[in-house]
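# sequence plus the predicted model coming up.
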Amino acid sequence: MARTTWIVAACTALLAFGVAACGSDDNGGSTGTSSSSAGGKKSYKMTLVAGVKGDEFYITMNCGAQAKAKELGVTLDFQGPDKFDASLQTPVVNAVAAKKPDAVLIAPTDTKAMYAPIKQLADGGAKVALVDTTLEQADFAVSQIASDNEGGGKEAAKTLGQLIGGKGKVFVVNVKPGISTTDARGKGFEDGAKEAGLTYVGQQYDDDDPAKAAAVTKAALAKNPDLKGIFATNLFSAEGAASGIREAGKLGKVKIVGFDAGPKQVEDLKNGIVQALIAQKPAEIGADGVQQAYNALTGKPTEKQIGTGFTSITKDNLSENQDALYKPSC
Amino acid sequence: MTDVSTKADEPELDEDQEHRPPFWQRLVAGSSTPIGLILGALIVVFSVLEPSSFLDSANARNIATDAAVLLVLATGMTFVITTAGIDLSIGAVLVFSGVVSAKMMNAVGGDNWGVIVVGLVVALAGGLGWGLINGFLVAKARIPAFVVTLGTLGMSLGASLVITGGVDERDVPFKLVTTIGTGRAFDQIPWLVLIAFAVAIFFGIVLAATRFGRYTYAVGSNEEAARRAGIPVDRHLIKVYALAGTLAGLAGFLSLARFSTTTIGGHDTDNLQAIAAVVIGGTSLFGGIGTILGSVFGVFIPAVLENGFVIIGVNPFWQEIAVGAVLVGAVYLDQLRRRSQYQR
Amino acid sequence: MPEPLLEAREIVKSFGRVRALRGANFTVYANEVVALVGDNGAGKSTLVKTLAGVHQPDAGEIVFEGEPVEIHSPLDARRLGIETVYQDLALAAELDAGANMFLGREVMRPGVLGKLGFIDKQAMRARSRDAFADLGVALQDTSAPVATMSGGQRQGIAVSRAVTWASKVVFMDEPTAALGVVQTRNVLDLIGRVRDQGLAVVLISHNMPEVFEVADRIEVLRLGERVARFRRGDVTMEDVVGAMTGAITHDGETR
């Protein structure tokens, strides 16, 4: 049976090789070989590690980053874990570290737990730009680029207040604590709601799972039958909250303001299930990330913190804001 | 009438001395060898494609660290599957053990070895508890293991959510994180990896060379025959599931040490990954066949694949397809080899 | 008249609504081969399993060497010196011949290692090889899983196991049912050798020619009760079959 064993090993190796060869065409176009660039200057290798793959926010971020990368003559890979969780993002980061990229743009999935693996990247010589989310200790990063999430939360409170007529009960569907961005949005909303004279009944977490978001939404509706408005702090949360409203038969009676403008949320907006979306500018965040990393590599000055802006999208102004919408692919 | 057949066969009987080939030869021809070769082939492929990145001690360390917790889970799962059982609850029990351990350590307070030991004991006890429930229901209540462990999966995960309110417990004694979680022995080998391998080696020996191990094989191969031979089958099954649960508890503690948070949402597929690792390693789902060494290979094959694919730059969505395809291929080819042995 | 070695008296055993044994009796003496025959569903296997400790009787008693005993488990039967070759052989197919021989009776390593639970595979393999050789069972590789062996070899292992460990009685339930001519021959010779070594052999079989070849006595079970007892020399196959089907009943003298 020794011969069979060798055939076994050879076939599996070929299989792995074949898949690797096929699969590696589809990403931003790099397999570790340097691409040509104008003037024969060094072509840098960067990787963008998303918080979770399959989320249009990060996909749009990648599109913006890829465009900027092309402009600068830089090659950019895109990777991400299956779920927004530190235990799943860590192996991805570790593998990226092995490639010894020149720079890494990353959205950390936990402000504390991801410190060690990302620091390891930086210690290995990579320039690290934190995009969207950040770490508790981020001094080693060349730049932190994010929307002003607290401001966004306040803006959402204002918008929601207007939608429900200035007073009433409002509820927040959040992701999980320890994520810098959504923590800030939740806080901003709470402050904004209180300022606007709304009755803030609390927030629940959905672990970035639309099904759970729907469940906590329905539970909140059951507990507060006179609930007037909901603020969902990210894409999956908004998706789930909308489902929850629909399933509870409260369409139109409860207003939703969601964060992020993925295709599903835009559909919900058009159908009147969601009344307003606070869209971030992920493409800009991605492009800024690439630029900052590039600056760091070429000895140019970097900005430690960059705050990107928002667009408030409603059904009425949807047609003018098409480019603010998130894309499912580049 | 003389026994023509027996006399003719006698020359093939061993005479006085043991005919067995030497240890190293048995190792090479052993049942885990083809899987080990496949792992070797994968390492070679990735090393050839990306020599400077893949073949790096830091990368090897990372792969091993990422695989450590799964290795502990797979060790327990090997025993369970060898008895022709299954345990779907281990990922949830891991989370539960981490949760109760973290809560207890915070209740006790402090940042010293004493509180860490308390945390470890609580984690192990948590895992043991669920393991005993599993074992009892499977052995005494005679409910199929699939159903029982699916139930305890829900119950233990649910309990974790109740205890934490659905929010990860992120306060873990710092000493735990810096020593066991991210620390290294001799500055080279992460403690997590050492602990995981120590567990695998210890229980590998138990499975291969002790009566407990032999009973495990016997019960898996033919439970009724084991009973008739006087083996205390029910008690043994309870012990096996209790072992798997306790190891899940240890895994929960190690995960807590590594990430300094309970990562409730990150373990949904741990059970299937552990089962895949064990099955790739050559353990039969029908029981009676299995080795810890095979499970070690089985843990590292997907780990190497995932790491290698990221390094090469495979589109993340293709990675899952590729890993799945290679798993099926590896097991299929191993099955072919086995079946040829059993042809009579 | 010598005392029976093992006796089952008025054993009743039901499984749900099925009354497998309705006051069954059975007697075995030392140094003999007694055949337990009966049609399908007569209760032969149930009776054997009850005497082997696999089932517990609902009523009736078991008497061993003149004393009433309770056989609650296979271990109890073993302790009395009773071993069984089951119809399904009860072998663990993935384990090797040595492991099967010592199943439930593993040999521990000497000293500290043994106390810690380490088994002595070498010793078990060696001793089982000797046992197989003694009984004329031919195996090419004693470290191969039993599943890779032929039906006859597996039967040989199961029989060797029971014979090696038994000190008083060996039950053999349909030991040749799936065997070819040559292998059947081996088993029948083995049965004779076992009897000659001093044990009592209880042979359950459908196969009248075989029964008439090896058995000293024949007891007939029908519908869960003993209906006839014969000495082989006193009776013809037709008589026995007649007893099995209920045409005749006979309670011959024993010995």
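Nice, I can see it. Numbers count the residues shown, from 1 in each chain, chains lettered A, B, ... in the order given.
# quick one: pLDDT of residue A:16?
Per-residue confidence at residue A:16 stands at 57 (pLDDT).
# can you check the one 4 residues further on too?
Looking at residue A:20, its pLDDT is 51.
# which stretches of the stretch 51-200 of chain B form helices?
Using DSSP state H, counting those that start in this stretch, the helices of the stretch 51-200 of chain B run over B:51-54, B:57-82, B:90-108, B:113-139, B:145-164, B:174-176, B:191-209.
# quick one: closest of those helices to residue B:221.
Shortest distance between residue B:221 and the helices of the stretch 51-200 of chain B, using Cβ to Cβ, is found for helix B:57-82: 8.9 Å. C-betas here are computed from N, CA, C, even on glycine.
# any residue of that closest one up close to chain A?
Yes - Helix B:57-82 is in contact with chain A by Cβ under 8 Å from any Cβ of the partner chain, via B:58-59, B:62-63, B:65-66.
# stretch B:314-328 too?
Yes - using Cβ under 8 Å from any Cβ, stretch B:314-328 reaches chain A at B:314-322, B:325-326.
# looking at that stretch now, give me its mean pLDDT.
Per-residue pLDDT over stretch B:314-328 has a mean of 77.
# what does stretch A:129-147 give?
For stretch A:129-147, the mean per-residue pLDDT is 93.
# buried set for that stretch?
Buried residues in stretch A:129-147, counted by 16 or more other Cβ atoms under 10 Å in any protein chain shown: A:129-135, A:138, A:141-147.
# residue C:243: which of those is nearest?
residue A:133 (87.4 Å).
# how near is that closest one to residue A:265?
The spacing between residue A:133 and residue A:265, counted by Cβ to Cβ, to the nearest Å, is 20 Å.
# wait, does the helix or strand hosting residue A:97 contact chain B?
Residue A:97 is part of helix A:86-98, with elements assigned from DSSP states H and E. Yes - using Cβ under 8 Å from any Cβ, helix A:86-98 reaches chain B at A:86-88, A:90-92, A:94-98.
# any idea of the mean pLDDT in that helix?
Here the average pLDDT along helix A:86-98 is 91.
# how near is residue B:139 to residue C:73?
16 Å.
# so those two - more neighbours on which side?
Counted by other Cβ atoms under 10 Å in any protein chain shown, residue B:139 and residue C:73 do not tie: residue B:139 has more neighbours, with 24 against 17.
# spit out the contact partners of the more buried one.
Residues in contact with residue B:139 (Cβ atoms under 8 Å, 6 or more residues apart in numbering or on different chains) are B:233-235, B:237-238, B:241.
# residue of the stretch 151-255 of chain C nearest chain A, please.
Of all residues in the stretch 151-255 of chain C, the one sitting closest to chain A is residue C:153 (21.7 Å; Cβ to the nearest Cβ).
# from residue A:231, how far out is that residue?
Taking Cβ to Cβ, one finds residue C:153 at 75 Å from residue A:231.
# what of residue C:114?
68 Å.
# that older thread, filter the contacts of residue B:139 down to the buried ones, ChimeraX style.
Restricted to buried positions by 16+ other Cβ under 10 Å, the ChimeraX selection for the contacts of residue B:139 reads:
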select /B:233,234,237,238,241
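# tell me the one of the contacts of residue B:139 nearest chain A?
residue B:241 (24.7 Å).
# worst mean pLDDT across the helices and strands of chain C, which element?
One helix or strand of chain C scores below all others by mean pLDDT, DSSP states H and E: strand C:250-251, with a mean of 60.
# keep only those of the buried residues of stretch A:129-147 that are in helices.
Under the assignment DSSP state H, the buried residues of stretch A:129-147 contribute nothing to helices.
# next step: those residues restricted to strands.
Using DSSP state E, the members of these that fall in strands are A:129-131, A:143-147.
# just the closest of the residues you listed to chain C, please.
For these, the closest approach to chain C (Cβ to the nearest Cβ) belongs to residue A:130, at 53.0 Å.
# so who does the closest one touch?
A:105-108, A:138, A:141, A:143-146.
# please apply the same query to residue A:138.
Neighbouring residues of residue A:138 by Cβ under 8 Å, 6+ apart: A:130, A:144.
# what's the spacing between it and residue A:131?
Counting by Cβ to Cβ - residue A:138 and residue A:131 are separated by 12 Å.
# what of residue C:97?
Using Cβ to Cβ, residue C:97 is found at 65 Å from residue A:131.
# also residue B:33?
46 Å.
# and if you look at residue C:101?
Separation of residue C:101 from residue A:131 (Cβ to Cβ) stands at 67 Å.
# pretty sure residue A:229 belongs to a strand, no?
Yes - applying DSSP: H, G, I helix; E, B strand; the rest coil, one finds residue A:229 inside a strand.
# quick one: is stretch B:277-296 near chain A?
No - Stretch B:277-296 lies out of reach of chain A by Cβ under 8 Å from any Cβ, never closer than 10.9 Å.
# hang on, the earlier thing: could you single out the nearest of the contacts of residue B:139 to residue B:51?
Residue B:51 has its nearest neighbour among the contacts of residue B:139 in residue B:241, at 44.5 Å by Cβ to Cβ.
# what's the burial count for the residue of the stretch 51-200 of chain C found nearest chain A?
Per Cβ to the nearest Cβ, residue C:148 is where the stretch 51-200 of chain C lies closest to chain A, at 13.2 Å. Residues lying near residue C:148 (other Cβ under 10 Å) number 17.
# after the worst-scoring helix or strand of chain A on mean pLDDT, next one along is what?
Lowest on mean pLDDT, DSSP H and E among the helices and strands of chain A sits helix A:2-23, with a mean of 56. Following the chain from helix A:2-23 toward its C-terminal end, the next helix or strand by DSSP H and E is strand A:45-49.
# can you give me the angle that following strand makes with helix A:86-98?
Angle, strand A:45-49 to helix A:86-98, by axes from the mean of the first three to the mean of the last three Cα atoms, to 10 degrees: 180 degrees.
# in its sheet, what does strand A:45-49 sit against?
Taking DSSP bridges as the criterion, strand A:45-49 forms sheet pairs with strand A:75-79 (parallel), strand A:103-106 (parallel).
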